[in-house]
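J.: Let's see this in three dimensions:
(one chain, ligands or ions: 1)
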Amino acid sequence: MSGPRWMRERIEVGALAAGGALFLTVHVLESPEPGPRLGLVATLHGNETIGAQVIAEVLRDLAGGERWRGAVVAIPVANPPAFEALTRHTPLDMLNLNRVFPGTMDGWASEQLAHAIWTRLHGAVDTIVDLHGADGFTVNDYIFLPQPRSPAHLRARALALVFGQVWMYEAPDTPGSLTACALAAGIPAIVPEIGTDMWRASEFVALGARGVRNVMRLLGMMEGAPEVPLRQYIVRDRVTLRTRHGGLFLPVHGMESLGTEVEGGTRLGAVGDPQTFEEREVLEAPYGRTVIMLARGRSRVHPGDYGYICGNAGTAQPYVGEGGTA
Ligand SMILES: [Zn+2]
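T.: Now for the predicted structure:
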């Protein structure tokens with residue numbers, strides 16, 4: 001039997017000011033055996049580059065001869081201008097691409113990109129994994145757990161539970177996001193938040209690739225039980241600790257503290273003045289039992305940058321995976 005067919009498409013979105021092309025590259029990997037069609041998207045936020053590496057790993061793996069069913073439609077770099085500039089927002093219009101779905105052809109550049117992405121995926125896939133992560137100065141590791149609002153939400157919830165991240169944050173849909181747009185159209189969609197490319201990147205790529213395989217197993221695209229951790233937790237309260245002041249961020253609990261628990265009031269990090277060396281502010285653990293879901297390394301910060309995302313471990317609900325193995 002012949003192996004999977006790997007096709008690559010180029011979607012022309014428009015011309016850039018100086019003559020370059022604004023386009024998207026879409027990979028379609030089709031197994032000879034028909035089955036579910038999975039959409040993989042990464043880098044809607046241009047500075048979250050680990051997802052593109054996860055997609056590369058997954059596609060290479062699936063093309064390698066192992067038996068699976070269905071098709072994967074993948075867009076590794078969903079926001080090329082933001083990837084190029086290594087920014088969260090699209091530099092052409094300063095918009096957040098993941099807040100303007102389903103987009104429009106007659107709108108801002110980000111809306112045109114959203115329209116191109118949504119038009120390509122809608123009707124072509126029946127599940128979407130939208131890979132996010134942290135930038136080079138921060139690191140995160142959790143997955144958004146959709147609330148049980150509709151059949152598509154329930155299906156997405158099952159996929160998020162099986163993706164295999166220890167910390168899961170149950171939250172309402174984010175308006176204008178690809179996942180909210182997909183869920184409203186009845187397509188289950190999930191958002192894993194994975195890693196950074198500046199530290200332990202290969203481990204985060206492996207975590208993401210394992211998660212996609214777990215999703216494929218639950219969808220019946222692949223044999224075998226999903227590999228999920230023995231202990232997983234559903235977090236319902238969390239806060240984002242942003243820096244009120246810019247300066248030099250000096251962590252006590254830096255990237256190595258990701259996923260660990262600290263006591264309330266613990267000094268997590270501080271912002272210092274790089275010229276006078278004075279301390280401008282201190283960031284402390286907000287909950288009696290605080291789990292660090294996003295952490296920042298030593299770096300320059302602007303006012304309003306991510307310092308930490310902290311979850312309330314005290315009210316977190318242990319979740320025991322069904323049929324999973326450690
Ligand atoms: Zn993101």
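
J.: Identify the single longest helix in the protein, thanks.
T.: helix 201-218 (DSSP state H).

J.: tell me what it is packed against?
T.: Contact partners of helix 201-218 among helices and strands, from 3 or more Cβ pairs under 8 Å, 6 or more residues apart in numbering; DSSP states H and E: strand 37-42, helix 50-62, strand 127-131, strand 138-146, helix 151-163, strand 192-195. For glycine as for every other residue, the C-beta is placed from the backbone atoms N, C-alpha and C.

J.: how much does the fifth one deviate in direction from strand 138-146?
T.: Computed with axes from the mean of the first three to the mean of the last three Cα atoms, to 10 degrees, the direction of helix 151-163 lies at 140 degrees from that of strand 138-146.

J.: Need the phi and psi values for the residue of the chain positioned farthest from its centre.
T.: Taking Cα atoms, centre = their mean, the residue of the chain most remote from its mean C-alpha position is Thr276, at 37.6 Å. When quoted as degrees, to the nearest 10, the phi and psi of Thr276 stand at phi -100, psi -10.

J.: Can you tell me how far it is from the ion?
T.: From Thr276 over to the ion the distance is 34 Å, taken as Cβ to the ion, to the nearest Å.

J.: chain center to the helix or strand of the chain with the lowest mean pLDDT: distance?
T.: With mean pLDDT, DSSP states H and E as the measure, the helix or strand of the chain carrying the lowest mean pLDDT is strand 317-319 (a mean of 95). Averaging C-alpha coordinates over strand 317-319 and over its chain gives two centres that are 22 Å apart (Cα atoms, centre = their mean, to the nearest Å).

J.: tell me what it is packed against?
T.: strand 232-235.

J.: So what are the sheet partners of the strand it packs on and their directions?
T.: strand 167-171 (parallel), strand 317-319 (antiparallel) (DSSP bridges).

J.: Among those, which comes closest to the ion?
T.: The stretch from the strands paired with strand 232-235 with the least distance to the ion (Cβ to the ion) is strand 167-171; that distance is 13.4 Å.

J.: Flag every buried residue along the closest one.
T.: Applying a neighbour-count criterion of 16 or more other Cβ atoms under 10 Å, one finds 167-170 buried in strand 167-171.

J.: Let's see it as PDB, backbone CA atoms only.
T.: As requested, C-alpha coordinates have been extracted for strand 167-171 and formatted as PDB (Å, rounded to 0.1, in the frame of the first residue of the first chain):
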ATOM      1  CA  TRP A 167      -2.800  22.100  34.200                       C
ATOM      2  CA  MET A 168      -6.000  22.900  32.400                       C
ATOM      3  CA  TYR A 169      -7.700  26.200  32.600                       C
ATOM      4  CA  GLU A 170     -11.500  26.200  32.200                       C
ATOM      5  CA  ALA A 171     -12.500  29.400  30.600                       C
END
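
J.: Make TSV out of the helices and strands packed on helix 201-218 and add mean neighbour count, distance to Asn214 and mean pLDDT.
T.: As requested, those are exported to TSV (neighbours: other Cβ atoms under 10 Å; distance: least, Cβ to Cβ, whole Å; pLDDT from 0 to 100):
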stretch	mean neighbour count	distance to Asn214	mean pLDDT
strand 37-42	25	12	99
helix 50-62	22	11	98
strand 127-131	26	10	99
strand 138-146	26	11	98
helix 151-163	21	5	98
strand 192-195	28	11	97
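
J.: can you list the ones you listed in a markdown table and add distance to Phe83?
T.: Converted to a markdown table, those look like this (distance: least, Cβ to Cβ, whole Å):
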| stretch | distance to Phe83 |
| --- | --- |
| strand 37-42 | 9 |
| helix 50-62 | 8 |
| strand 127-131 | 13 |
| strand 138-146 | 17 |
| helix 151-163 | 23 |
| strand 192-195 | 16 |
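
J.: so which of these gets nearest Val320?
T.: Distances from Val320 to each of the helices and strands packed on helix 201-218 were compared by Cβ to Cβ, and the smallest falls on helix 151-163, at 10.3 Å.

J.: Also compute the angle for the closest one relative to strand 127-131, please.
T.: Using the same axes, to 10 degrees: helix 151-163 against strand 127-131 is 50 degrees.

J.: Name the residues that touch helix 151-163?
T.: Outside helix 151-163, the residues within contact range by Cβ atoms under 8 Å, 6 or more residues apart in numbering are 127, 129, 143-148, 168, 179, 182-183, 185-190, 192, 211, 214-215, 217-219, 226, 228, 232, 319, 321, 324.

J.: Kindly recompute the last result at 7 Å.
T.: Helix 151-163 is contacted by residues 127, 143-148, 168, 183, 186-190, 192, 211, 214-215, 218, 226, 228, 319, 321 when judged by Cβ atoms under 7 Å, 6 or more residues apart in numbering.

J.: cool, stretch 287-294 as well?
T.: 134, 138-140, 142, 167, 238, 253, 257-262, 264, 306, 308-314.

J.: In contact with the closest residue to Ser150 other than its chain neighbours, which residues?
T.: Sequence neighbours aside, Leu183 is the residue nearest to Ser150 in space, at 6.9 Å (criterion: Cβ to Cβ, 6 or more residues apart in numbering). The contact partners of Leu183, by Cβ under 7 Å, 6+ apart, come to 146, 150, 152-153, 156, 173, 189.
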